[in-house]
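Participant: sequence and predicted structure, then a few things I'm wondering about:
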Amino acid sequence: MSQEPWTVLRLLEWTTDFFRKHGSDSPRLDAEVLLAHARECSRMELYTAFNEEPAEPQRVAFRELVRRRGEGVPVAQLVGFKEFYSLKFRVDEHVLIPRPETEHLVVEALDLCKSDFAGTDPIRIADVGTGSGAIAVALAKHADKAKLTAIDISEPALEIARWNATHHEVDDRIEFVQGDLLDALDDQAAFELICSNPPYVSEDEYEELSESVRLYEPVEALVSGPTGTETIQRLIDQASGRLVSGGALLIELSPMIATRCLEMLQSSDGFTDARLVKDLAGHQRLLVGRRR
Ligand SMILES: C[S@@+](CC[C@H](N)C(=O)[O-])C[C@H]1O[C@@H](n2cnc3c(N)ncnc32)[C@H](O)[C@@H]1O
């Protein structure tokens, strides 16, 4: 057996290779995040510690994390958090792990706050299907005048979202509501902006997702129904009664259902200016419309 010491660099190289063979999309990043977690340091600090040999307790902790990652547990669940819009969000098995694509929705919403709603105070925003609270918290952090209503059907998800709002000190501007889309709100509730990253995966597509998603993330956060458009259709129907005139609806979707959802919004009497917005990778990622 090799007598070479298990330095930080050697651990990273071995683990990267192991994760690559176990089908990870980002083997080196996974190895770095887990080793940094086991050593209680930042990823950047690993780069100045390549020749150091982690102490035995750190190696034991790291080995266990690597074993579980090899079984498919997402890195974010192993370390208990995920970065989104440069903010750290607590996550667990009850919430979808925030995805980088969703940052695009936050950018669009903040643009509207700074342009169309610059003179409005407060800017009332609903985040429908808040999950970890990623969208609501990022908006509250970056738009001082935003007053949010964050809704989810899952009470355990709302507990995580509340924790994240408190941790980022925006809980005084976010009201959390448990319910089915916008149904649970008071009759009077009205918004300048309704944002949502709803479940939009079809039942067939779900079967094609990686085990790391299917076994560890909540199915109700992902699957909408046989076509993937069901929740979006219901949200469009409900949103027209909740937006002020000129208010905006922003919905994240998958490029596979983008055209169908655009047609749904175009055929809704309540909306005008329906359009799709591409993400940085050039994929149709957002459906946007205006309340007449
Ligand atoms: C795709 S996840 C989005 C989570 C978070 N907003 C994000 O972008 O990371 C969808 C969320 O919608 C919630 N959800 C699903 N159906 C719902 C419904 N009918 N009413 C309210 N929330 C729902 C799920 O519990 C889940 O938290």
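Facilitator: Arrived safely. Bear in mind the structure is a predicted one, so any value in this text is a computation, not a measurement.

Participant: E263: neighbouring residues, count only.
Facilitator: 12 (other Cβ atoms under 10 Å). In short, each C-beta sits where N, CA and C put it, glycine included.

Participant: and the gap between it and the ligand?
Facilitator: 22 Å (Cβ to the nearest ligand atom, to the nearest Å).

Participant: same check, this time on F117
Facilitator: 21 Å.

Participant: how about A157?
Facilitator: A157 is 5 Å from the ligand, by Cβ to the nearest ligand atom.

Participant: can you pull the pLDDT of M1?
Facilitator: We note a pLDDT of 57 for M1 in this prediction.

Participant: what parts of the stretch 1-150 of the chain come near the ligand?
Facilitator: Residues of the stretch 1-150 of the chain that fall close to the ligand, judged by Cβ under 6 Å from any ligand atom: 95-96, 98, 102, 129-132, 134-135.

Participant: quick one: low-confidence ranges for the protein?
Facilitator: Across the chain, the ranges flagged by pLDDT under 70 are 1-2.

Participant: who's in contact with the residue nearest in space to the middle of it?
Facilitator: In the chain, the residue lying closest to the centroid (Cα atoms, centre = their mean) is P98, at 2.2 Å. Counting by Cβ atoms under 8 Å, 6 or more residues apart in numbering, P98 makes contact with 82, 84, 89, 91, 131-132, 134.

Participant: can you put the residues you listed in TSV and add distance to E71, secondary structure and neighbour count?
Facilitator: Formatted as TSV, the contacts of P98 follow (distance: Cβ to Cβ, whole Å; DSSP: H, G, I helix; E, B strand; the rest coil; neighbours: other Cβ atoms under 10 Å):
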residue	distance to E71	secondary structure	neighbour count
K82	19	strand	23
F84	25	strand	24
F89	23	strand	26
V91	18	coil	25
G131	24	coil	28
S132	23	coil	27
A134	26	helix	28
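
Participant: and S115, how far from Q3?
Facilitator: Using Cβ to Cβ, to the nearest Å, one obtains 64 Å as the distance from S115 to Q3.

Participant: who's more crowded, those two?
Facilitator: S115 (8 against 4).

Participant: neighbours of the residue lying closest to H283 once chain neighbours are set aside, just the number please.
Facilitator: Spatially, and ignoring its direct neighbours in sequence, H283 is nearest to P255 (4.5 Å; Cβ to Cβ, 6 or more residues apart in numbering). Using other Cβ under 10 Å, P255 has 14 neighbouring residues.

Participant: who are the contact partners of L181?
Facilitator: By Cβ under 8 Å, 6+ apart, L181 lies in contact with 128-129, 151, 231, 234-235, 238.

Participant: so which of the residues you listed sit within strands?
Facilitator: 128, 151 (DSSP state E).

Participant: for the contacts of L181, give me JSON lines that also has neighbour count.
Facilitator: As requested, these are exported to JSON lines (neighbours: other Cβ atoms under 10 Å):
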{"residue": "V128", "neighbour count": "28"}
{"residue": "G129", "neighbour count": "23"}
{"residue": "I151", "neighbour count": "25"}
{"residue": "T231", "neighbour count": "20"}
{"residue": "R234", "neighbour count": "17"}
{"residue": "L235", "neighbour count": "21"}
{"residue": "Q238", "neighbour count": "16"}
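
Participant: nearest to the ligand, of the contacts of L181?
Facilitator: Of all the contacts of L181, G129 has the smallest distance to the ligand: 2.5 Å, by Cβ to the nearest ligand atom.

Participant: in contact with the closest one, which residues?
Facilitator: Listed by Cβ under 8 Å, 6+ apart, the contact set of G129 reads 151-153, 181, 196-199, 221, 231.

Participant: is any residue of the helix or strand hosting I194 near the ligand?
Facilitator: In this structure, I194 is located in strand 191-196 according to DSSP states H and E. No. Applying Cβ under 6 Å from any ligand atom, one finds strand 191-196 separated from the ligand by no less than 7.4 Å.

Participant: buried sites along that strand?
Facilitator: Residues 191-196 are the ones in strand 191-196 that count as buried (16 or more other Cβ atoms under 10 Å).

Participant: now stretch 141-149
Facilitator: Buried, per 16+ other Cβ under 10 Å, within stretch 141-149: 141-143, 145-149.

Participant: between the contacts of G129, which is nearest A36?
Facilitator: Nearest to A36, judged by Cβ to Cβ, of these is A221 at 27.0 Å.

Participant: where does the closest one sit: helix, strand or coil?
Facilitator: Applying DSSP: H, G, I helix; E, B strand; the rest coil to A221 yields a three-state assignment of helix.
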